[in-house]
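1. Just to be clear, the model below is a prediction. Sequence and coordinates:
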Amino acid sequence: MGRITMQKGWHGVRAALSEANYRNFTIGNVFSLVGTWVQRVALGWLVWELTGSGAWLGAVAFADLFPMVLVTPLAGAMADRSERLRVTRISQALLMVHAGLLTILSALGLLNPGLVLVLALVGGIITAFNQPFRMALLPSLVERPNLISAVAINSVVFNVARFVGPAIAGLVIAKGSLTLAFAINLGTFAVFSWTLARIRLVSVETTRSANGGLITSVVEGWRYAAGHVGLGAMFLTLTVVSLCIRPILELMPSYAALFGPDASKFAFMTSVIGLGALVGALWLSRQADPAALAKMSLSNGLLMGAALFVASVVHQELLGLVALFVVGFGMVLSGIASQTVIQLAVPDHLRGRMLALHSMIFRGAPALGALVIGALSDLTGLRGPLVAGAAVTFAFSGIVYSRRKLILKSLGL
């Protein structure tokens with residue numbers, strides 16, 4: 001792969017946002033993601049209030065995230081064959097219906113841990129199907145020189161939402177209105193559906209038709225990733241980070257309880273992780289060198305492993321908050337860098353499947369990690385399993401980083 005010339009820094013940001021289709025997508029995405037984080041925090045707090053169990057938190061996270069492992073590979077193969085914008089619109093409409101159902105059940109006082117688990121599973125299945133289409137749509141919305149900036153903007157949007165959403169949720173929960181939190185998410189999905197309807201592609205995005213059935217297409221994509229030294233290393237690093245580091249997000253009510261029992265502390269700590277991620281995303285939005293992004297992705301596990309270790313062992317809340325900020329910063333570096341390199345390194349006819357594999361790992365691995373760490377935390381306390389995850393991540397990332405020259409050469413960087 002030849003070296004790719006990209007728009008630099010804020011020039012790239014402005015260029016990406018000047019394109020009407022991408023601008024419409026981003027405006028709707030801002031609203032949708034803020035609402036998603038409001039609902040996510042509210043659901044986490046509801047489960048913690050109802051059960052007081054780390055295992056239950058892990059189980060709900062597993063139901064929400066693990067469908068990525070089963071559904072997303074097939075959806076990725078379909079994304080390489082289907083009209084991505086149309087499927088994205090349908091998926092968002094289904095998620096809006098799901099949010100409406102959750103709002104109604106909450107208003108009627110019918111939510112219990114078992115029902116929340118089922119609803120999390122349904123929402124997870126829809127999201128798992130939607131994600132590859134939504135991610136693979138991005139190159140159709142911007143010119144190729146603006147792609148790194150567009151990915152960075154998406155991450156800034158996600159992490160603004162990760163910061164703002166929990167803050168809103170904290171205020172709403174403090175007023176005792178979980179139903180309002182769910183209603184906010186319903187409204188934001190409606191806004192996103194409206195902005196998606198405004199997108200007009202010059203030509204319907206098409207890709208080279210894959211031969212054989214969907215399973216054959218999935219296997220072809222996995223074989224391509226496994227046989228590629230650079231992509232294989234990127235995916236393995238993402239897997240370890242997602243298994244061992246990212247579950248702290250799903251278990252945040254349990255972690256916050258180490259420092260105090262109130263919902264505002266939980267929401268504040270979640271926002272601190274979001275603030276760290278937002279700072280990281282803003283910094284990365286000025287990076288235009290794909291090789292530098294790949295190096296960040298390969299070395300970032302060292303930073304995150306060290307930060308999670310500190311967060312796991314400290315008993316001073318301020319030090320814990322600093323460590324959570326660094327964890328958030330590292331999470332967004334990992335997400336942006338790996339996704340951008342994948343967007344640039346794979347041919348278009350494989351992009352849906354490669355991004356589906358990325359999504360499967362990014363959401364499915366934390367589901368498994370949260371389930372295991374949550375169950376262990378009920379037996380041993382939360383600190384020990386988090387320390388173990390930090391140590392594994394640090395050691396693995398050190399091994400991968402020692403091979404960075406070979407990996408970068410394989411990626412053509």
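-> Here it is on my side, so go on.

2. which outside residues touch stretch 303-310?
-> Residues outside stretch 303-310 that contact it (CB atoms under 8 Å, 6 or more residues apart in numbering): 241, 244-245, 248, 319-320, 322-324, 326-327, 329-331, 333-334, 386-387, 389-395, 397. (Each C-beta comes from the backbone N, C-alpha and C, glycine too.)

3. Could I get the buried residue list for that stretch?
-> Buried residues in stretch 303-310, counted by 16 or more other CB atoms under 10 Å: 303-310.

4. Could you do stretch 386-396 as well?
-> 386, 389-390, 392-394, 396.

5. How about stretch 232-252?
-> For stretch 232-252, the buried set under the neighbour-count rule, 16+ other CB under 10 Å, comprises 233-252.

6. Show me those that map onto helices.
-> 233-244, 247-250, 252 (DSSP state H).

7. What about residue 115, how many residues nearby?
-> Neighbourhood size, residue 115 [other CB atoms under 10 Å]: 12.

8. So it sits against residue 108, correct?
-> No: using CB atoms under 8 Å, residue 115 is not in contact with residue 108; the gap is 11.2 Å.

9. Going along the chain, name the helices of the stretch 301-413 of the chain.
-> 317-345, 348-380, 383-401, 404-410 (DSSP state H, counting those that start in this stretch).

10. what residues does the third one touch?
-> Counting by CB under 8 Å, 6+ apart, helix 383-401 makes contact with 233, 236-237, 240-241, 243-245, 247-248, 255, 258, 298-302, 304-309, 311-313, 369, 372-373, 376-377, 407, all of which sit outside it.

11. at 6 Å instead, please
-> Identification of contacts with helix 383-401 by CB atoms under 6 Å, 6 or more residues apart in numbering yields 233, 237, 240, 244-245, 298-299, 301-302, 305, 308-309, 312, 373, 376-377.

12. Send me it as PDB with only the CA atoms.
-> What follows is helix 383-401, C-alpha atoms only, in PDB (Å, rounded to 0.1, in the frame of the first residue of the first chain):
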ATOM      1  CA  ARG A 383      -9.600  -4.700  42.700                       C
ATOM      2  CA  GLY A 384      -7.900  -8.100  42.100                       C
ATOM      3  CA  PRO A 385      -9.500  -9.000  38.800                       C
ATOM      4  CA  LEU A 386      -8.800  -5.400  37.500                       C
ATOM      5  CA  VAL A 387      -5.100  -5.700  38.500                       C
ATOM      6  CA  ALA A 388      -4.800  -9.000  36.700                       C
ATOM      7  CA  GLY A 389      -6.300  -7.500  33.500                       C
ATOM      8  CA  ALA A 390      -3.900  -4.500  33.700                       C
ATOM      9  CA  ALA A 391      -0.900  -6.800  34.000                       C
ATOM     10  CA  VAL A 392      -1.900  -9.000  31.100                       C
ATOM     11  CA  THR A 393      -2.500  -6.000  28.900                       C
ATOM     12  CA  PHE A 394       0.900  -4.400  29.800                       C
ATOM     13  CA  ALA A 395       2.800  -7.600  29.100                       C
ATOM     14  CA  PHE A 396       1.100  -8.400  25.800                       C
ATOM     15  CA  SER A 397       1.500  -4.900  24.500                       C
ATOM     16  CA  GLY A 398       5.200  -4.900  25.300                       C
ATOM     17  CA  ILE A 399       5.600  -8.000  23.200                       C
ATOM     18  CA  VAL A 400       3.700  -6.500  20.300                       C
ATOM     19  CA  TYR A 401       5.500  -3.200  20.400                       C
END
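
13. per-residue confidence averaged over it?
-> Across helix 383-401, the average pLDDT comes to 94.

14. In terms of helices and strands, where is the nearest residue to residue 197 once chain neighbours are set aside?
-> In this structure, residue 197 finds its nearest non-sequential neighbour in residue 89, 6.9 Å apart by CB to CB, 6 or more residues apart in numbering. Applying DSSP states H and E as the criterion places residue 89 in helix 84-107.
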